[in-house]
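Peer 1: 3D, please:
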Amino acid sequence: MINLRHIGIVVNDLEKSVNFYNDLFGLITVKEMIEDGEYVDNLVGIKDASIKWAKLKAKDDTIIELLEYQNNKKQKKDNYPADRLGCSHIAISVENIESIYHKLQNYDCKCNSKPLYSPDGKVKVMYCHDIDGTILEIVEEL
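Peer 2: From the prediction side, this is the model:
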């Protein structure tokens, strides 16, 4: 048996991303820290890594960890394609998908479509990108 500990997302600007996830999903920041040194270098396999991170908690105790690598150049926002190798997307259940859709527009985030009804009519769902291009699947159960 396993327990999912957290989901880690690398971001360009920790403060902006924390505000984005707090605003859209009501996540609560439970811890922030900067880590560096030999331990971190060995852990992540990057020499001279310095990581500023925040752990955000959802109502169901799910944790999203946002990580900003301090000494790397900021990366250009790239809306990742859904079929790239690796982690495809993060699915988040919400109570009001229309509200989230409109907030995403205010952040100038790309949504593949407006919220769609699933073929079985049990959910409204959409794929969108966060402010750094990570794919989010937003789901409202009906």
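
Peer 1: How about Ser17: what's its closest non-neighbour residue?
Peer 2: Excluding the flanking residues, the one nearest Ser17 by Cβ to Cβ, 6 or more residues apart in numbering is Val11, at 4.0 Å. The way it works is simple: take the backbone N, C-alpha and C, and place the C-beta from them, glycine included.

Peer 1: swap that for Tyr127, sorry
Peer 2: Counting by Cβ to Cβ, 6+ apart, Tyr127 lies nearest to Asn112, which is 4.5 Å off, once chain neighbours are set aside.

Peer 1: Beta-bridge partners for the closest residue to Trp53 other than its chain neighbours, please?
Peer 2: Excluding the flanking residues, the one nearest Trp53 by Cβ to Cβ, 6+ apart is Leu67, at 4.6 Å. On the basis of DSSP bridges, Leu67 is bridged to Val10, Trp53.

Peer 1: looking at it, the residue nearest to Tyr127 is touching Cys128, isn't it?
Peer 2: Yes - taking contacts as Cβ atoms under 8 Å, Asn112 lies within contact range of Cys128: 7.0 Å.

Peer 1: List the contacts of the longest helix along the chain.
Peer 2: Looking across the chain with DSSP state H, the single longest helix is helix 14-25. With contacts defined as Cβ atoms under 8 Å, 6 or more residues apart in numbering, helix 14-25 is touched by 9, 11, 27-29, 32, 52-54, 56, 58, 64, 66-68, 92, 94, 100, 103-104, 107, 130-132.

Peer 1: Swap in 6 Å and give it another go.
Peer 2: Contacts to helix 14-25, defined as Cβ atoms under 6 Å, 6 or more residues apart in numbering, come from residues 11, 27, 29, 52, 54, 56, 66, 68, 100, 103, 131.

Peer 1: State the distance from the fourth one to Glu15.
Peer 2: Lys52 sits 9 Å away from Glu15 when distances are taken as Cβ to Cβ, to the nearest Å.
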